[in-house]
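S.K.: no sequence on this one, just coordinates:
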Ligand SMILES: Cc1cc2nc3c(=O)[nH]c(=O)nc-3n(C[C@H](O)[C@H](O)[C@H](O)COP(=O)(O)OP(=O)(O)OC[C@H]3O[C@@H](n4cnc5c(N)ncnc54)[C@H](O)[C@@H]3O)c2cc1C
């Protein structure tokens, strides 16, 4: 037990579904927990999805239940806009320095939005994968936790503009907020730093960047989302045309010696799900899925079987070699070898979705001076056996998996963290 009657102190880095789960489970088991999230909101990649497979429910439903549990706990300190800078001490007795970027908006904010009406500066909206803009003062999305505005200090001119300060009826804007360093102690540290999409422009032949009508699976989630850049209407970026033909290109970068050797685990299910989004909006659209193998393990096979019943959906077993744009129409020609039919395919479509793979998020900037470093596998994911007692990976920081697997893994990791705390207390 620590001095305050808690079973120990746990630090969780990353506030996606894995981190949130670990925080809640460790806290409900009696630990004092600090959550560090670099974004202005919790939820990670899941918050940016349109729907989850296999049930196709919106992310808000799962996240909201967790936010209620977070709010109900008195053991959790949640630090958004924060990153760990340095870890010192020794295994099991860590001192952690956390750097907090100013939000420039205080807790008096009611999210009324008056500041946005006054703000003259636009910035690309990273939440919508750059497909729309926000003002320099913005709320990341309608269901953000915390539901509080934030100012992007990189683009806001500050006091020399000050229009948001005048517009705010609640004195919630503080343009002179400074970065701060927060020091915490922890017996166990859970790395739930998750994943990032593989840089699609690096994949030769697939044309990302050469045509706006070649998008990634992450962009597709935002295009299909009601709170996305097109209010949920799936349309061609170049001319807002309705989609009559669409191709999903699987293993864009994944399972390829030249790019990512690993299977990214969730992209097949992701594209099957996104084919359903298309079908919902366009009953007559022709959908092509180019694949190497469809990976839909366990009960997810049922979802795959359901999608296969779609008569206007064609699964073509073959790796796509090249995608080129027809400049006159903005259409794309997808070239592949259909290995089952033994023939070359040149398929013309309105829109291409690259199922780009998952890479572990880069947490390399953290300086660990506590007797060793984090152990990663050949693909950069954290391994299960960390040489530093007290450091644990959870969720997609360890391997590419779906949300259900992340929740199971993070729950187990929280219990392991509790065990470490109890062992420390017994020494
Ligand atoms: C196109 C696509 C569609 C998908 N659809 C589904 C689906 O429908 N159903 C499903 O079950 N799964 C789906 N997945 C998988 C799902 O996205 C992951 O299972 C889930 O996001 C993993 O959650 P996580 O918390 O481990 O990681 P993340 O969601 O990546 O969260 C990690 C968090 O850590 C933060 N972070 C990172 N580094 C730091 C740092 N150094 N300091 C502080 N914070 C940091 C990040 O900002 C983020 O908030 C899909 C994946 C893709 C690619």
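M.R.: Received the coordinates, thanks. Being a predicted model, the structure only gives us computed values, none of them experimental.
S.K.: drop to CA atoms for contacts and neighbour counts, all remaining ones
M.R.: Will do.
S.K.: stretch 176-188: end-to-end distance?
M.R.: End-to-end span of stretch 176-188 (CA to CA, to the nearest Å): 35 Å.
S.K.: what residues sit buried inside that stretch?
M.R.: The neighbour-count check on stretch 176-188 (16 or more other CA atoms under 10 Å) flags 181, 185-188 as buried.
S.K.: same question for stretch 308-328.
M.R.: By 16+ other CA under 10 Å, the buried positions in stretch 308-328 come out as 313, 316-320, 323-325.
S.K.: from the chain's centre, how far out does it sit?
M.R.: Chain-centre distance of stretch 308-328: 26 Å, with CA atoms, centre = their mean, to the nearest Å.
S.K.: so how far is the ligand from residue 278?
M.R.: Residue 278 sits 14 Å away from the ligand, taking CA to the nearest ligand atom, to the nearest Å as the criterion.
S.K.: one step back: distance to residue 40 and secondary structure for the buried residues of stretch 308-328 - can I get that in TSV?
M.R.: Below are the buried residues of stretch 308-328 laid out as TSV (distance: CA to CA, whole Å; DSSP: H, G, I helix; E, B strand; the rest coil):
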residue	distance to residue 40	secondary structure
313	39	strand
316	41	strand
317	41	strand
318	41	coil
319	39	coil
320	38	strand
323	37	strand
324	38	strand
325	38	strand
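S.K.: where does confidence bottom out across these?
M.R.: Of all the buried residues of stretch 308-328, residue 319 carries the smallest pLDDT score, 93.
S.K.: tell me the residues of the stretch 151-300 of the chain that contact the ligand?
M.R.: Residues of the stretch 151-300 of the chain lying close to the ligand (CA under 6 Å from any ligand atom) are 192-195, 217-218, 266-267, 270.
S.K.: emit the PyMOL select command for whichever of those are buried.
M.R.: A single PyMOL command is used to select the members of these judged buried by 16+ other CA under 10 Å:
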select buried, resi 192+193+194+195+217+218+266+267+270
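S.K.: can you list the weak-confidence ranges in the stretch 301-427 of the chain?
M.R.: Scanning the stretch 301-427 of the chain for pLDDT under 70 picks out the ranges 363-365, 371, 427.
S.K.: all helices for it, in order.
M.R.: 403-426 (DSSP state H, counting those that start in this stretch).
S.K.: for burial, what's the neighbour tally of residue 92?
M.R.: Neighbour count of residue 92, defined by other CA atoms under 10 Å: 21.
S.K.: repeat that for residue 403.
M.R.: For residue 403, the count of nearby residues is 18 (other CA under 10 Å).
S.K.: any idea how far the ligand is from the nearest residue to it once chain neighbours are set aside?
M.R.: Leaving out its chain neighbours, the residue that sits closest to residue 403 by CA to CA, 6 or more residues apart in numbering is residue 17, at 7.2 Å. Taking CA to the nearest ligand atom as the measure, residue 17 falls 4 Å from the ligand.
S.K.: separation between residue 17 and residue 182?
M.R.: Counting by CA to CA, the gap from residue 17 to residue 182 is 24 Å.
S.K.: ok, now residue 233?
M.R.: In this view, residue 233 and residue 182 are 43 Å apart by CA to CA.
S.K.: swap in residue 426?
M.R.: 28 Å.
S.K.: the residue most central in space within the chain in helix, strand or coil?
M.R.: Taking CA atoms, centre = their mean, the centroid of the chain lies closest to residue 45, which sits 1.9 Å from it. State at residue 45, reduced to three classes by DSSP: H, G, I helix; E, B strand; the rest coil: helix.
S.K.: can you get me a residue count around the nearest residue to it once chain neighbours are set aside?
M.R.: What sits nearest to residue 45 in space, not counting adjacent residues and going by CA to CA, 6+ apart, is residue 16, at 6.7 Å. Neighbours of residue 16 under the rule other CA under 10 Å: 26.
S.K.: isn't residue 16 up against residue 195?
M.R.: No - Residue 16 is beyond contact range of residue 195, at 9.8 Å (criterion: CA atoms under 8 Å).
S.K.: in terms of helices and strands, where is residue 94?
M.R.: Element membership for residue 94 (DSSP states H and E) is strand 93-100.
S.K.: hmm, who's touching that strand?
M.R.: Residues from elsewhere that reach strand 93-100, judged by CA atoms under 8 Å, 6 or more residues apart in numbering: 79-89, 179-188, 370.
S.K.: burial of residue 296, as a residue count?
M.R.: Residue 296: 19 neighbours (other CA under 10 Å).
S.K.: next, the contact list for it, please.
M.R.: Contact analysis of residue 296 by CA under 8 Å, 6+ apart lists 268-269, 304.
S.K.: what of residue 61?
M.R.: Residue 61 neighbours (CA under 8 Å, 6+ apart): none.
S.K.: sticking with it, tell me its helix or strand.
M.R.: According to DSSP H and E, residue 61 maps onto helix 59-72.
S.K.: in that helix, what counts as buried?
M.R.: Burial within helix 59-72, assessed by neighbour count using 16+ other CA under 10 Å, is assigned to 59-60, 63, 66-67, 69-70.
S.K.: between those, which is closest to the ligand?
M.R.: residue 59 (8.7 Å; CA to the nearest ligand atom).
S.K.: distance between the strand holding residue 94 and the chain's centre?
M.R.: From the chain centre to the centre of strand 93-100 is a distance of 24 Å (CA atoms, centre = their mean).
S.K.: would it count as contacting the ligand?
M.R.: No - judged by CA under 6 Å from any ligand atom, strand 93-100 stays clear of the ligand, getting no closer than 9.3 Å.
S.K.: who touches the helix or strand that that strand is followed by?
M.R.: Using DSSP H and E, the helix or strand that directly follows strand 93-100 along the chain is helix 114-118. Outside helix 114-118, the residues that touch it by CA under 8 Å, 6+ apart are 135, 137-138, 163-165, 167-169.
S.K.: could you identify which of those residues has the most neighbours?
M.R.: Comparing the contacts of helix 114-118 by number of neighbours (other CA under 10 Å), residue 137 comes first, having 28 neighbours.
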